[in-house]
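dropping a prediction and its sequence here:
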Amino acid sequence: FLHHELPIRLSHRVRDLACIPHLHDTKGVISIRNMYIQSFEEIKNAKIPDTPESEEKFCEIITKVYERHASVLLLMAKAFYEFRSKMDKKTFADDERI
């Protein structure tokens, strides 16, 4: 199930992150997209578990993916902060022209 379903879900997140207006080019979102792409490739390239040994190897891959993604919430918050800072500066600059 995971070998099939996780790449689908990860690819959807990559697509979704690329479509977020104004945020898709922030450092945080780019970093998250790269994480998802790396995880997608690792899972997709992994052998479908069919023995206890290959199942253990696949579990190691899933654990690594899980640990890698632990920082996603913080990175997304930083991306929103970065965007807000840019907008505040732009708004301030626009106000100065008045």
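Cool, the structure landed. Residues are numbered from 1 along each chain as shown.

from here on, just use CA atoms for contacts and neighbour counts.
Noted.

what segments of this protein are helices?
Under the criterion DSSP state H, the chain carries helices at the ranges 2-18, 27-45, 52-68, 72-97.

what would the ones you listed look like in a markdown table with mean neighbour count and mean pLDDT?
Converted to a markdown table, the helices of the chain look like this (neighbours: other Cα atoms under 10 Å; pLDDT from 0 to 100):
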| stretch | mean neighbour count | mean pLDDT |
| --- | --- | --- |
| helix 2-18 | 15 | 92 |
| helix 27-45 | 18 | 93 |
| helix 52-68 | 14 | 95 |
| helix 72-97 | 13 | 76 |
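
ok, residue 78 - contacts?
residue 28 (Cα atoms under 8 Å, 6 or more residues apart in numbering).

the same query, at a cut-off of 10 Å, please.
If you count contacts by Cα atoms under 10 Å, 6 or more residues apart in numbering, residue 78 has them with 26-29, 72, 84.

grab the nearest non-local neighbour of the spatially most central residue of the chain.
With distances taken as Cα atoms, centre = their mean, residue 32 lies nearest the centre of the chain, 3.0 Å away. In space, and not counting its chain neighbours, residue 32 is closest to residue 72: 6.3 Å by Cα to Cα, 6 or more residues apart in numbering.
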